[in-house]
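> Got a sequence here, can you build the structure:
(2 chains)
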Number of protein chains: 2
Amino acid sequence: MSQDVPDPELRAALHRAADMIADYLQDVGQYPVLPRVSPGEVDALLSGAPPLEGESLNAILDDYARIIEPNITHWNHPGFLGYFSITGSGPGIVGEALSAALNVNAMLWRTSPAATELEERVCDWLRQMLGLPELFRGHINDTASISTMLALAAARHSQSDLRIRDLGLAGRADIPELVVYTSDQAHSSCDKAAMTLGLGLEHVRRIESDRDFRMSFESLVEAIDSDRRAGRRPIAVVATAGTTSTTSVDPIDRIAELCRREGIWLHVDAAYAGSAAICPELRKEFAGWEQADSIVFNPHKWLFTPIDCSVLLMRDVDALRSAFSLVPEYLKTDEEGVTNLMDLGVQLGRRFRALKLWMVIRAFGVEGLQARIREHCRMARDLASTIESDPDFEVVAPVPFSVVCFRWRAGNSPVEQDSQNEALLNEINAQGPVLLSSTSLEGRDTLHLAIGNLKTTEQHIQDAWKLIRSAADRLSAAQPG
Amino acid sequence: MSQDVPDPELRAALHRAADMIADYLQDVGQYPVLPRVSPGEVDALLSGAPPLEGESLNAILDDYARIIEPNITHWNHPGFLGYFSITGSGPGIVGEALSAALNVNAMLWRTSPAATELEERVCDWLRQMLGLPELFRGHINDTASISTMLALAAARHSQSDLRIRDLGLAGRADIPELVVYTSDQAHSSCDKAAMTLGLGLEHVRRIESDRDFRMSFESLVEAIDSDRRAGRRPIAVVATAGTTSTTSVDPIDRIAELCRREGIWLHVDAAYAGSAAICPELRKEFAGWEQADSIVFNPHKWLFTPIDCSVLLMRDVDALRSAFSLVPEYLKTDEEGVTNLMDLGVQLGRRFRALKLWMVIRAFGVEGLQARIREHCRMARDLASTIESDPDFEVVAPVPFSVVCFRWRAGNSPVEQDSQNEALLNEINAQGPVLLSSTSLEGRDTLHLAIGNLKTTEQHIQDAWKLIRSAADRLSAAQPG
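Take a look at the predicted model:
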């Protein structure tokens, strides 16, 4: 007697879910992007205690349709233009469903040969697509936060005289302060990694960026010199290719040369924009990253793969292995010359994430992926031109990829303009068809529009612009005087 | 024009996947548990380069059926009795498929209200099921490795005089060595966390265990005293409820009292065995864990939830928040009084893992889950009796839950017995219908059998025992003399 849900009920539920998924993806544009729900409202629809007796999958799916689906933020909506807009495409969803059914823990080669070898192969496909040298090896993690933390742990471990893995950092008079450099535009994951690794937030030097929001190379050189003179040890630079606010790209080639000369680890955060490197004409933005020690690139951001899937590309994968490998008795195996994925990070348990990525790359093909990335970039450039041609608005950062940062020229002072832009954002997002997000650039509130959804077409972008424009008109009209 | 796979093709692929999943789960017992594949064989079936043009989902699913499914290790197989045997049950698979389609990043409440509130609610269901006090709050992570790392980071941060989050640990004369205590039976995740957090492997005290493989309380007290006398600072004890080798439970109540008295953080690793606490009659094993500062419990291990899903239960969730919260400009929001899940750990990106857990708990109900856990424990106890009654075998550890550790009494010396048991393991696993794993207890090779699969019945266990017995007979007969 099987004690899982009986086959006929499960099979029917899987088919019902198949239709619910296809229907949802087809009709998601009919929802407002942000659900019209206040804190606590979803919780009030849920039972306070778990049910004692089991319920039918049909009843649960009914509740899913009633309580959950309408009350999520619709990242699949073609008008989701905030944060980094993402798409977990159809092929990726099929892959995730199969991977949940296989339910392998690919910690060791022997606990799932196909999961291990497919991961290595698909990561090499990505390497080829990105135009990186053959020696780079990819390792799939859940998030860029973890990939960057692992990379900085490897950088820390590469200070081999300090024996940090064994002895730690605390209570040691023989260890200097260890410093990491990144720009004032870099992602917070760099700070979180430094906190976690015991380096400390104050040892993350946030190097100023230039007017295009790229790390100032001269300031980086000065900061490193100054730390060295003070007896601190620079261990890593985190350069960003595609910052979170403006998708600016740091001068990686010059930074790489500096890092090589100074013996400092170079980690490149290309979590979002890395996808653009699959287009040869966009690859020049990444010049120098082939000299990096590590690169993080998230297919779950702009390569149409369901969350989560972050690839850490290592120039020397043994640097990661020696930082983390630790094989307890109950996991010793005989196989020689195989990769045991658990050796390459903190996490022992590993989902089979390579499956969805394999399906996405095969379903779209490299040319299909390139065409989609190009189309997103084209729409962003066109929108930037439209915004620039409107005297009431200004584009406030270059648009190298598919993100446009802009501002409404309202108000008579910077402070007033900030509050007007904040009001505009709320007015836009309250309408339903469009979600934008905001950021701060040079201390000023800025609207951030990202195109990364496969469902977003030219028409959606035009409609979004009309909606933005008319929201601004309404707010202007409502001004006293 | 949608640029994802067109709806009819996607819908058909989802329905085909639904049948592939249901068929696989029905027929998985026909595969050998371990695929008969050598390193490199799967890779040889894969294309060396990514395809330029897109392919049909049907062609990709054909390749999945040909290359992937037969070459994974079948964790769903009723004869998978190695490591911690797990089940990603039907309801959980449906949940994962839906969650991949929604593709929300629940970093903020506003980026998915339902994902945030369902996570908090379902974690509270678990808390109730486990019989823990109301103040415990759950937070879902990917793995126990990360949950334990976060817990120890919170423990480190609770040394508030040291300002480690801001200043780090390196180059500081004012910081003592920081020490973590766990037993010689504890999971390697404790070591990996200490390495990652910069505490150092040598500052993990592996306290000896007693003959039942439980941490020796007296040795713990001595170790703490000795470190204090040497000027080191004990910051955390990691007690295990259900060790990886034997599922032994440390004396948590005494350890908890000690930790409270000494001002030391208590983290309980109940990643596997926590599930047993949903059965009132088994809860006594966990006495004292309600006094812990943090507990990790993985529904993806023995609560029939697809990998990954690890719940970190915090006595004071603000201790986690203050260790990790860091809100960059581009993620500032207006909502007050809501939980933003990104504040509770390293990872910013978050899958909607609560959905599958909600579906599992509802589909089976608390009583249904209890019945399944009890049945696994009963089968393990019965098998242990069978093994004990066979003069050629011995059970070498208590069986509090669903794991049996045993040894073949073969060979004339410990060394010989070890190699005979290793040979026996290989002989068993080569047959196909059963997978066992091994561990080392008191330096001796030991067979490890875990019952955690919903498909595993009394009959499978009897068949597995016959297979083990006959493998031993064959090896005996093949001995010279």
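> Break chain A down into its domains, please.
A:105-351, A:360-478 (automatic domain parsing).
> Out of those domains, which gets nearest to B:Thr87?
Smallest distance to B:Thr87 across these (CB to CB): 12.1 Å, for domain A:105-351. Every residue, glycine included, has its C-beta placed from N, CA and C.
> can you give me the offset of that closest one from its chain's centre?
Mean C-alpha position of domain A:105-351 versus that of the full chain (CA atoms, centre = their mean, to the nearest Å) differs by 14 Å.
> Quick one: mean pLDDT over that domain.
If you average the pLDDT over domain A:105-351, you get 96.
> one step back: same list (the domains of chain A) but as a markdown table, adding distance to B:Glu119 and mean neighbour count.
Formatted as a markdown table, the domains of chain A follow (distance: least, CB to CB, whole Å; neighbours: other CB atoms under 10 Å in any protein chain shown):
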| stretch | distance to B:Glu119 | mean neighbour count |
| --- | --- | --- |
| domain A:105-351 | 15 | 22 |
| domain A:360-478 | 21 | 19 |
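> Select, out of those domains, the one closest to chain B.
Checking these against chain B by CB to the nearest CB gives domain A:105-351 as the closest, at 2.4 Å.
> picking that back up, of all the domains of chain A, which one is nearest B:Arg254?
Of all these, it is domain A:105-351 that lies closest to B:Arg254, at 25.7 Å by CB to CB.
> end to end, how far does that closest one reach?
Using CA to CA, to the nearest Å, the end-to-end distance of domain A:105-351 comes to 6 Å.
> what ranges do the helices span in the stretch 51-200 of chain A?
A:57-63, A:90-102, A:113-130, A:144-157, A:164-167, A:188-196 (DSSP state H, counting those that start in this stretch).
> mind giving me JSON lines with these and columns for distance to chain B?
JSON lines is the format used below for those (distance: least, CB to the nearest CB, whole Å):
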{"stretch": "helix A:57-63", "distance to chain B": "5"}
{"stretch": "helix A:90-102", "distance to chain B": "4"}
{"stretch": "helix A:113-130", "distance to chain B": "4"}
{"stretch": "helix A:144-157", "distance to chain B": "5"}
{"stretch": "helix A:164-167", "distance to chain B": "5"}
{"stretch": "helix A:188-196", "distance to chain B": "4"}
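> So for B:Gly452, which of these sits nearest?
Closest to B:Gly452 of those, according to CB to CB: helix A:90-102, at 16.2 Å.
> Who are the packing partners of that closest one?
On a contact count with 3 or more CB pairs under 8 Å, 6 or more residues apart in numbering or on different chains; DSSP states H and E, helix A:90-102 meets helix A:354-388, helix B:7-27, helix B:57-63, helix B:90-102.
> Tell me the gap between the first one and the middle of its chain.
Spelled out, it's helix A:354-388. How far helix A:354-388 lies from its chain's middle: 16 Å, per CA atoms, centre = their mean.
> For chain B, tell me whether it is touching it.
Yes - applying CB under 8 Å from any CB of the partner chain, one finds that helix A:354-388 is in contact with chain B at A:355-356, A:358-359, A:361-368, A:372, A:375.
> Could you export the helices and strands packed on helix A:90-102 as a markdown table, including distance to A:Ala13 and mean pLDDT?
Output for those, formatted as a markdown table (distance: least, CB to CB, whole Å; pLDDT from 0 to 100):
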| stretch | distance to A:Ala13 | mean pLDDT |
| --- | --- | --- |
| helix A:354-388 | 21 | 98 |
| helix B:7-27 | 9 | 98 |
| helix B:57-63 | 20 | 98 |
| helix B:90-102 | 5 | 98 |
